[in-house]
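# after the sequence you'll find the predicted model.
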Amino acid sequence: MDNTPASPLLEVRDLTTYFDTRLGTVRAVDGVSFSLQKGQTLGIVGESGSGKSVTCYSMMKLVPMPPGRIVRGEALFQGRDLLTMKDREINSIRGRKVSMIFQDPMTSLNPYLRIETQLIEPLLIHRICGRDEARKKALEMMDAVGIPDARNRIRLHPHEFSGGMRQRVMIAMALIARPDLLIADEPTTALDVTVQAQILELIKAMQREIGMAVILITHDLGVVSGFCDRINVMYAGQVVESGTADDIFYDARHAYTRALKKSIPSTQEKGKRLYTIPGAPPRLVGERPPCAFAPRSDLSFSDEEAAMESRFVEVSPGHWVEVHPSTVENYRDYLTA
Amino acid sequence: MLKFIFRRALESVGVLLCVSLITFYLSKAIPGGPFDQEKKVPEAVKKQLEAYFGMDEPDWKRYLTYTFQFPSLPSTKFPNRRVGEMIASKFPVSLELGAYALIVALALGIPSGILASLKPNTALDYVPSSLSMVGICLPTFVMGPLLVIIFAVQLRWLNATGWENPSDKILPSLTLGFYYAAYVARLTRGGMLEVLNQDFIRTALSKGASMVSVIFKHALRGGLLPVVSFLGPAAAGLIAGSFVVETVFAIPGMGQEFVKAVSNRDITFITGLVLFYASLIIFFNLLVDIAQVFLNPKLSFKD
């Protein structure tokens, strides 16, 4: 990773976010590191509760604090650490350099304000242009994201839009200031299947046009295939495997990644019972086990092996895997290499 | 909107008829009458008085008179006072007191409610929240004398009673307003907390909006909806006058008249005032409903 020519757009190192709850401290994000080049697309994949969203919210300091607390780590965006920024500084990044779209477009738009007010807000907040020009840009943006009859629709309120249309509005709003990075937090989860593909296609088209980098958070491996340059697989608040899309799809090493792949319905034989990963995601409270995935692993290992510390190993250039007797076959090969 | 107001006005007529009917029979049901005194009034005198005030007429005729001619009816206790004149002379006082109290309630309640909602379950929340709990629990007949003791008796800054100097209006307005401010603060806190936890607040933050803009532009509109619905009946109650505050501070308002009318069994005053109050409440609720439509774009006048 050191041989990358330019410094990366975003570099996250050892990001750790805990939540203090009544049941104890939840290690929602536990030492996550990754980097993202300009214009690149990174997929973050994992089950609900694996820390995908919290990773991104932590970077943008959008985790409610308390109960949340960023314990350590840094998130260098264009060389500046987002985590130590004052409110004013991070506000100047949010919406201008880094934008976000969220899972549920039904609740992510303000029901009390007109679409127009919300659309032009990033331009006005960051003083990119005046109100009249902002309005013009908003209309162009609505055309670009495929909302017909923008001139009239811009006067409406969110409840007069369908779910897919609202997500298009969200995308228009996120991209109106032409950010360098778009974080899309499960942008298609709450939408109809037919609309899902359209929205992904739209994000991709806008990426080509604006040239921004994208972080796509999803629990659906099928969604990231063909969309992302790199993929991080997260489990229990940690990145357990990281590599190019090809690495993950054709050379997955971690037992969890393999299980995830096996769970994609379209890859399974018709008429058979769908594959599910046995067990449930671990509780992230209390003492940290040597490997969080061990209880659900289908590999066989002794108690002694289970107690071994896991290590993050680069198996081929840029392809990293969490190595532990419960996560990879023939783990010894990795440790000697 | 005109259609909406017209339909609501028609509905109100029905409501007012029901209210007047119930009031009429209830006031008839109270033992005793306007002419009873310590000593027994001779039967012949009573008969004559009742005939003079038309109280020997059949019920339906009396009901119609009381309901449709109430402003011009004389008091059955003090025949030289008329219901309409009394309202005209006393209502402005109550209106003034109510308006001041409403200003106090909003000026104290909304900011402290917003403040409490920003950092829930911290000192910033507990101080205004406990204060408003005190406000709700302290009846005005305790609050009023308390303020009188402090500001009139001890500090001697203000008069204890009266309604002549502008400074006389401070203590009653505070007493009446503080009670409502407590409710407004709690409703604001609840409403704001609910809105601030919504996804669209996170969206606003992700666009780079400052906390001030998030509160005032994105949250306040939804957060104040419960306060607005409360304001309808509250405004009517405030303006109709509070008997307790008027008594404590010896203010010549309408609340006193109402209570006196009931204890005097002054049936023309009772039915007249009830009708007047009921119209006020209906009017303010209509105002609130219209305000709701403007605040919440999901509502419209069509349904």
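Alright, I've got the coordinates. Numbers count the residues shown, from 1 in each chain, chains lettered A, B, ... in the order given.

# helix/strand/coil for residue A:32?
strand (DSSP: H, G, I helix; E, B strand; the rest coil).

# ok, and the closest residue to it other than its chain neighbours, which helix or strand is that part of?
Leaving aside its chain neighbours, residue A:32 sits nearest to residue A:15 (4.7 Å; criterion: CB to CB, 6 or more residues apart in numbering or on different chains). Heads up, the C-betas are built off the backbone N, CA and C, glycines and all. Under the criterion of DSSP states H and E, residue A:15 resides in strand A:10-21.

# quick check: mean pLDDT of that strand?
For strand A:10-21, the mean pLDDT works out to 90.

# and it, which strands flank it?
Counting by DSSP bridges, the strands paired with strand A:10-21 are strand A:24-36 (antiparallel), strand A:68-77 (antiparallel).

# picking that back up, I'd assumed residue A:58 was in contact with the residue nearest to residue A:32.
Yes: using CB atoms under 8 Å, residue A:15 is in contact with residue A:58, at 5.9 Å.

# show me where the stretch 201-337 of chain A has strands.
A:213-218, A:230-235, A:238-244, A:311-316, A:319-323 (DSSP state E, counting those that start in this stretch).

# partner strands of the last one and their direction?
Taking DSSP bridges as the criterion, strand A:319-323 sits next to strand A:238-244 (antiparallel), strand A:311-316 (antiparallel) in its sheet.

# quick one: name the residues of chain B near chain A.
B:198-200, B:202-211, B:213, B:217-218, B:221-222, B:295-298 (CB under 8 Å from any CB of the partner chain).

# swap in 10 Å and give it another go.
B:119, B:121-122, B:195-211, B:213, B:217-223, B:225, B:295-298 (CB under 10 Å from any CB of the partner chain).

# follow-up on the earlier one: tally of neighbours for the residue nearest to residue A:32?
Close neighbours of residue A:15, defined as other CB atoms under 10 Å in any protein chain shown, add up to 25.

# likewise for residue B:77?
Residue B:77: 17 neighbours (other CB under 10 Å).

# ditto for residue A:168
23.

# list the buried residues of stretch B:77-90.
Judged by neighbour count (16 or more other CB atoms under 10 Å in any protein chain shown), stretch B:77-90 contains these buried residues: B:77, B:81, B:82, B:83, B:86, B:87, B:90.

# and if you look at stretch B:253-273?
Buried-residue list, stretch B:253-273, by 16+ other CB under 10 Å: B:253-258, B:261-262, B:264-273.

# next up, the contacts around residue 62.
Just going to use chain A. Neighbour list for residue A:62: A:53, A:54, A:56, A:68, A:90, A:94, A:100, A:183, B:202, B:203, B:205, B:206 [criterion: CB atoms under 10 Å, 6 or more residues apart in numbering or on different chains].

# wrong one, chain B
B:24, B:28, B:53, B:54, B:55, B:56, B:267, B:268, B:271.

# can you check residue A:55 too?
Here residue A:55 is in contact with A:12, A:15, A:17, A:28-29, A:32, A:34, A:44, A:46, A:63, A:75, A:183, A:215, A:217, A:232, A:234, A:237, A:239 (CB under 10 Å, 6+ apart).
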